[in-house]
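Chemist: Turn this into a model:
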Amino acid sequence: MAISDVEFKKEVKILDKVNKLFDETYNNLASDVKVGEEDLIEFKKMMWSDSNSFDEGEMTQVKAATALEADKFFRKQDYLRRLKMIKDKPYFASIVFKDSSDNSIYNIYMSLTYLKDKNENNILYDWRSPICSLFYDYETGPCSYSAPGGVYSGELKRKRQYKIEKRKLVGVFDNSLNIDDEVLQEVLATESSDRMKNVVNTIQQEQNKVIRNLEDNNLIVQGIAGSGKTTVALHRIAFLLYRLDNLNSKNVLIFSPNNIFTDYISEVLPSLGEANTLQTTFADYLENFITEYKHVEDFTDFVSRYYSYKETYPELVEYKQSDRIIDDLDAFIENFIDNCKFTSSFNETEKNYVDMADLNSMLHDKYDRLPLFERMEEISDKLSSNNYKGSSKKKATYLKLMYENCNFKHDLKSIMKEFYMSEFCRFKLDEKTISSFIDSDEINYEDALVFAYLKGRLEGFIYDGNIRQVVIDEAQDYNRLQYIIINEIFKKADFTILGDINQNINPYYHYDSLEELSNLFSGDTKYIELLKTYRSSPEIINYTNKILNLNHVNAIRKTMNKPVIIRKGVEDIQNSLINDINKLKGEYKSVALITKDMKEAETLYELIKDKIDISLVDHNTKSFHKDLVIMPAYVSKGLEFDSVVVYNNRDNSYKANERNLLYVACTRAQHELYIYN
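Modeler: Numbers count the residues shown, from 1 in each chain. Now for the predicted structure:
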């Protein structure tokens, strides 16, 4: 609701004051940073040029002083960067809060960072500060918020949003941030961009509960297509970086579905004033951990193998992806270790005799807390230390002798073969078949998961104690074995798990609910559902609901009365596609042509590339412009486009068990959707 002219003029004056204060603060800070940088350089030069004149104690003090000065400088530099970020749009919203304890009234202006006056009073509040949660969680009326000092109750008198362009007030709206909210609808109507943007001015109540949750160690978020799962996750990271002591971006790791997605989300955290976190894919982890193979197949190629019907043994792959194989592997590993033993004593030198009974005692008793091959390392180190006055110089010699006098080898490929040939494997295979997927320079994705688990259990997983927060997006595509591995690597981390069981594209594994993951994590775990979609028009939502027989989707975007267009039995595919694409390009910034698989994308690309400027995107693409692209459905996950053309030819139609893939393709569309079937 627009405000009166009188109120608008008051807001103009307030903005003018804020701009003036901003300029003073920014200019003073810029001068301080420049001087501080020069002083720091000189201080370091002085320290190292005079280093010979300091004793050890004095040098320690000088280093501590240097570190302190550097910390002060970097804090100022970081704040200057944040101020520069809000220069053209100092704030985006305000609330008026009446505190019930003393009837004090607070007029809070919300920004991406804070701004104080000369008396250290807050003029602008960081959107992540406790009191700002009122803007997202309440309509006008009774309200409360939690802060380090306790819970504060009162009345929310007003909520206001601002449209500021180049430091000028363009629009002001009083609202309750519901589905009719003018600012939200304006944002939803905006054409999509090449990169995901921050949404601090339109965060909804259900999203805010995920973003600001500090009570639970782990969150599992089931969110329908377009509910803002990834956006929520990134804003949650920004919030945690603001609220948790000693947490920085290097302590946070995001597991992304592919490299395209990593690039797509790369601007959100910087636009919120935070550095990008560490990011990886699970396939990247496997590639680094499994050194026994030259190449590890990634998830997208694994999925592509299924949807292009190139898989020779689908039932075997399903077993390798199942929960059953975890129990089978555990039983095999336990039995394997129990049967490992030293078969004879040996002499390292004439004087240094090593008794077989002592070795077996160390292997199965003294060091039984360790993985098998770590035990061997510890024992060899202990023997060297005992016989060479604490030195490890003979460790390698002892390790070699130990393997020569035991009944097992450090050969993980052979051990994996042994599992598949054992009674513990429920899938009976001949040796030739087993060798076909183990004895190679490359390992398939499903085998890599099994191999990584086997290796971790026998050698130890690579533990990373620096990571304190882990975010897993597209969580429905990870099987239980992957979560067990991730838990072993990041034992001290808290987790934010986000996904949608309806968008599962792993054809071999399925969750009835992501809540099934709750018992996998230590600490308090909360399951939350996001049931509103902000991406697609009601017409598109209604169509995609029918694909999976859904009825719980709540569309927020106002109707555009643009029906989903179905193209059937088209004879001249080339001209029809080009005409539809040109029509959509005339109306929207981004258009995607989404196929069932990569082969179909390549075929279609060759058909139309000489007639229209289009980019072919696969899972290895690291950066692209969304103006006009063609890609398979399993690469489009997490992305969104103004308009989408979903294509599959009659010889490669979506089958009944591939509905989720079709659902993923169709739910990428915001405004218009064309279906070629």
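Chemist: low-scoring stretches of this protein, by residue?
Modeler: The model of the chain has pLDDT under 70 over residues 1, 38-67, 176-195, 552-560, 622-624.
Chemist: residue farthest from the centroid of this structure?
Modeler: Distance from the C-alpha centroid of the chain peaks at residue 350, with 58.0 Å (C-alpha atoms, centre = their mean).
Chemist: quick one: secondary structure of that residue?
Modeler: Three-state call for residue 350 (DSSP: H, G, I helix; E, B strand; the rest coil): coil.
Chemist: What are the neighbouring residues in contact with it?
Modeler: If you count contacts by C-beta atoms under 8 Å, 6 or more residues apart in numbering, residue 350 has none. Any C-beta I mention is one placed from the backbone N, CA and C, and that applies to glycine too.
Chemist: Please tell me how far it sits from residue 104.
Modeler: 88 Å (C-beta to C-beta, to the nearest Å).
Chemist: Then residue 642?
Modeler: Distance from residue 642 to residue 104, by C-beta to C-beta: 47 Å.
Chemist: Which one's more surrounded, the two?
Modeler: Neighbour count, other C-beta atoms under 10 Å: between residue 642 and residue 104, residue 642 has more, with 21 against 10.
Chemist: Wasn't the more buried one part of a strand?
Modeler: Yes - under three-state DSSP, residue 642 falls within a strand.
Chemist: check contacts around it.
Modeler: 191, 192, 584, 587, 588, 589, 590, 591, 669, 670, 671, 672.
Chemist: Give me the neighbour count for the residue nearest to it when sequence neighbours are not counted.
Modeler: Nearest non-adjacent residue to residue 642, counting by C-beta to C-beta, 6 or more residues apart in numbering: residue 588, 3.5 Å away. The local packing of residue 588 (other C-beta under 10 Å) involves 17 other residues.
Chemist: Let me see the contact set for residue 588.
Modeler: Contacts of residue 588 (C-beta under 8 Å, 6+ apart): 191, 642, 643, 671, 672.
Chemist: Name the residue closest to the centre of the chain, please.
Modeler: Central residue of the chain (C-alpha atoms, centre = their mean): residue 254, at 3.3 Å.
Chemist: does that one really touch residue 284, like I thought?
Modeler: No - if you go by C-beta atoms under 8 Å, residue 254 and residue 284 don't touch, sitting 11.8 Å apart.
Chemist: before we move on, back to that, separation between the residue farthest from the centre of the chain and residue 384?
Modeler: Where residue 384 is concerned, residue 350 sits at a distance of 17 Å (C-beta to C-beta).
Chemist: Ok, residue 117 next?
Modeler: Note on residue 117: its distance to residue 384, by C-beta to C-beta, is 67 Å.
Chemist: phi, psi of residue 116?
Modeler: Note on residue 116: backbone dihedrals following degrees, to the nearest 10 are phi -110, psi 150.
Chemist: and it, how many neighbours?
Modeler: Close neighbours of residue 116, defined as other C-beta under 10 Å, add up to 12.
Chemist: In this structure it contacts residue 123, no?
Modeler: Yes - using C-beta under 8 Å, residue 116 is in contact with residue 123, at 6.4 Å.
Chemist: Which elements pack onto the lengthiest helix in the chain?
Modeler: In the chain, assigned by DSSP state H, the helix with the most residues is helix 5-49. The contact analysis (3 or more C-beta pairs under 8 Å, 6 or more residues apart in numbering; DSSP states H and E) places helix 5-49 against helix 56-85, strand 115-116, strand 122-126, strand 150-165, strand 168-174.
Chemist: Deepest-packed of these, please.
Modeler: Compared across these, strand 122-126 shows the largest average neighbour count, a mean of 20 (mean count of other C-beta atoms under 10 Å).
Chemist: got the angle between it and helix 5-49?
Modeler: Using axes from the mean of the first three to the mean of the last three C-alpha atoms, to 10 degrees, the inter-axis angle of strand 122-126 relative to helix 5-49 is 80 degrees.
Chemist: The spatially closest residue to residue 117 that is not a sequence neighbour: what's it in contact with?
Modeler: Spatial nearest neighbour of residue 117, excluding adjacent residues (C-beta to C-beta, 6+ apart): residue 123 at 5.5 Å. Contacts for residue 123 (C-beta under 8 Å, 6+ apart) come out as 18, 21, 109, 115, 116, 117.
Chemist: State the distance from residue 512 to residue 208.
Modeler: 28 Å.
Chemist: Those two - which one has more neighbours?
Modeler: Neighbours were counted for residue 512 and for residue 208 using other C-beta under 10 Å; residue 208 has more, 19 against 7.
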